[in-house]
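>>> take a look and give me a structure for this.
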Amino acid sequence: MAILTPNATYSVGSVKVNEKIIPDGTRWQNDAKAKAAGFDGVGSLYKKQQKISGGTGKPTSVTIHNTNDLERVEDDGEQYTRATYNENMGSARVHFFVDDLCAWQNLKAGTGMCKNDPEGSAEVSWHAGDGSASSGGNMTSISIEIIMGDSAEHDAKAYDNGARLAAWLLHKHKLDISALVTHTYWVNKSAGKVFADVDEQCTNLIKNKKWCPKYIFKSTKHDIALRNWKEFKACVNEYLNEIYESQMRGPNEAKKEITKTLYLVQIGSFAKTDDAAALLRSLRADGISGYTVMSNGAYTVQIGAYSLKSNAEDVRTKIRALGYEADITMRTEAVSL
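As a prediction, this is how the structure comes out:
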């Protein structure tokens, strides 16, 4: 199948979403693939084709997953969507794939942003591994697969795009940050492990069970996974609050400005532009995209602009491992709400 053309596109803040929703009535074409995925065979419905949450079409949570970046592929979300259309994703059906470039929407999520996805139409997604349990993740939650496992720069941008999309979906469905959960949350629920603290349930590792979102957790050690999950939630909550504050302004009310701190990875500073250009070429050869800014009369080579210091620290570690000198600098900027 050739590269897909979306049915429609829309923007969620700075994230472009390509809508390629699996049409109602789509059925399996390959008998062997259908049976291997647990379906009856050729002619079986390719998706559940049922509104979420007992037919209301209103999700009660948003679930975060990670899936692996694909080698030598630029638009990973398109590739995963194409694999879904080609019957190469087994039983998995998710609402959104998102990477460093954009998001691809595969199922109705009740966004109201295009004719194929009217409000109140969110449909069941096969993502949580809990079958048709009425209160399980498949039947009640919007699923987001954040594609990570590439360069530090790629992963930081995919992380940020995923956080922005999650915040927008929470707001759209009138959910607060407590409704943001992980795949592992549902794994624990299916195993009968229910915690009073949602974040504990989101990060409790069960041996030989799915551990997801692994790139956000960064470790199977509980304290590290818990800390990193809370950092991701804090990022989502920051974007969620920005949406609410923006919408609370009256039509004639002046925009409110807040100061936001960004963390940048600085690689070098040069008197000559040719020296900065040479460093950028070296970085590109190592698969790293940088840029040059003028600072105090010098040409400074930097990478990224991260809202979370931990993301900048991860990039710095990987850059140093490649043999470059790297430090973190901060920049503040006014953001209109």
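
>>> from here on, contacts and neighbour counts on C-alpha atoms
Fine.

>>> max-length helix in this structure?
helix 222-248 (DSSP state H).

>>> what residues sit buried inside it?
The neighbour-count check on helix 222-248 (16 or more other Cα atoms under 10 Å) flags 225-233, 235-243 as buried.

>>> without its sequence neighbours, what residue ends up closest to residue 302?
Spatial nearest neighbour of residue 302, excluding adjacent residues (Cα to Cα, 6 or more residues apart in numbering): residue 266 at 4.4 Å.

>>> do residue 292 as well
That would be residue 301: by Cα to Cα, 6+ apart, it lies 4.6 Å from residue 292.

>>> tell me where the chain has strands.
In the chain, the strands defined using DSSP state E lie at 8-12, 15-19, 61-68, 96-98, 103-105, 141-148, 180-182, 257-270, 291-295, 298-306, 327-336.

>>> ok, which of these comes nearest residue 54?
Of all the strands of the chain, the one in closest proximity to residue 54, counting by Cα to Cα, is strand 141-148 (11.5 Å).

>>> just the CA trace of that closest one, in PDB.
C-alpha atoms of strand 141-148 as PDB (Å, rounded to 0.1, in the frame of the first residue of the first chain):
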ATOM      1  CA  SER A 141     -10.600   4.700  27.500                       C
ATOM      2  CA  ILE A 142      -9.100   6.700  24.700                       C
ATOM      3  CA  SER A 143      -5.800   5.200  23.700                       C
ATOM      4  CA  ILE A 144      -2.600   7.100  22.600                       C
ATOM      5  CA  GLU A 145       0.500   5.300  21.400                       C
ATOM      6  CA  ILE A 146       3.500   7.600  21.800                       C
ATOM      7  CA  ILE A 147       6.200   6.300  19.400                       C
ATOM      8  CA  MET A 148       9.700   6.500  21.100                       C
END
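
>>> quick one: list the elements packing against that strand.
Here strand 141-148 touches strand 61-68, strand 96-98, helix 152-172, going by 3 or more Cα pairs under 8 Å, 6 or more residues apart in numbering; DSSP states H and E.

>>> now that strand, how far from the chain's geometric center?
5 Å (Cα atoms, centre = their mean, to the nearest Å).

>>> that strand pairs with which strands?
strand 61-68 (parallel), strand 96-98 (parallel) (DSSP bridges).

>>> where in the stretch 151-300 of the chain is pLDDT low?
Low-confidence segments of the stretch 151-300 of the chain, defined by pLDDT under 70: 248-258.

>>> how is the protein carved up into domains?
8-248, 257-336 (automatic domain parsing).

>>> just name the most buried of those domains.
Of the domains of the chain, the one with the most neighbours on average (mean count of other Cα atoms under 10 Å) is domain 8-248, at a mean of 20.

>>> related to what we said a few turns ago, who's in contact with the residue nearest to residue 292?
Going by Cα atoms under 8 Å, 6 or more residues apart in numbering, residue 301 touches 266-269, 276, 279-280, 290-293.

>>> make TSV from those and add distance to residue 96 to it.
Shown next, in TSV, are the contacts of residue 301 (distance: Cα to Cα, whole Å):
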residue	distance to residue 96
266	33
267	35
268	38
269	40
276	39
279	37
280	33
290	28
291	30
292	34
293	35
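
>>> follow-up on the earlier one: let me have the helices and strands packed on strand 141-148 in a markdown table, extended by distance to residue 328.
Listed next are the helices and strands packed on strand 141-148 as a markdown table, based on distance: least, Cα to Cα, whole Å:
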| stretch | distance to residue 328 |
| --- | --- |
| strand 61-68 | 27 |
| strand 96-98 | 27 |
| helix 152-172 | 14 |
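
>>> out of these, the one nearest residue 45 is which?
strand 96-98 (19.9 Å).

>>> what about the closest one, distance to the chain center?
Once both centres are worked out by Cα atoms, centre = their mean, strand 96-98 turns out to sit 6 Å from its chain's centre.

>>> the most centrally placed residue in the chain and residue 213, how far apart?
Nearest to the mean C-alpha position of the chain, by Cα atoms, centre = their mean, lies residue 162 at 2.5 Å. According to Cα to Cα, to the nearest Å, residue 162 and residue 213 sit 12 Å apart.

>>> ok, residue 317 next?
In this view, residue 317 and residue 213 are 21 Å apart by Cα to Cα.

>>> got it, and residue 246?
Note on residue 246: its distance to residue 213, by Cα to Cα, is 30 Å.

>>> can you pull the contacts of residue 89?
residue 83.

>>> give me the pLDDT for it.
Looking at residue 89, its pLDDT stands at 96.

>>> next one: the one 10 residues further on
The per-residue pLDDT reported for residue 99 equals 96.

>>> surely it is in contact with residue 157?
Yes. Using Cα atoms under 8 Å, residue 99 is in contact with residue 157, at 7.4 Å.

>>> the residue nearest to residue 302 and residue 303 touch, don't they?
Yes. Residue 266 lies in contact with residue 303 (Cα under 8 Å); the separation is 6.5 Å.

>>> quick one on the thing from earlier: okay, and the beta partners of the residue nearest to residue 302?
Going by DSSP bridges, residue 266 is paired in beta bridges with residue 302, residue 327.

>>> report the contact partners of it.
300-303, 326-329 are the contacts of residue 266 under Cα under 8 Å, 6+ apart.

>>> what of residue 284?
For residue 284, the contact set (Cα under 8 Å, 6+ apart) comprises residue 290.

>>> gap between it and residue 292?
Distance of residue 284 to residue 292, given as Cα to Cα: 13 Å.
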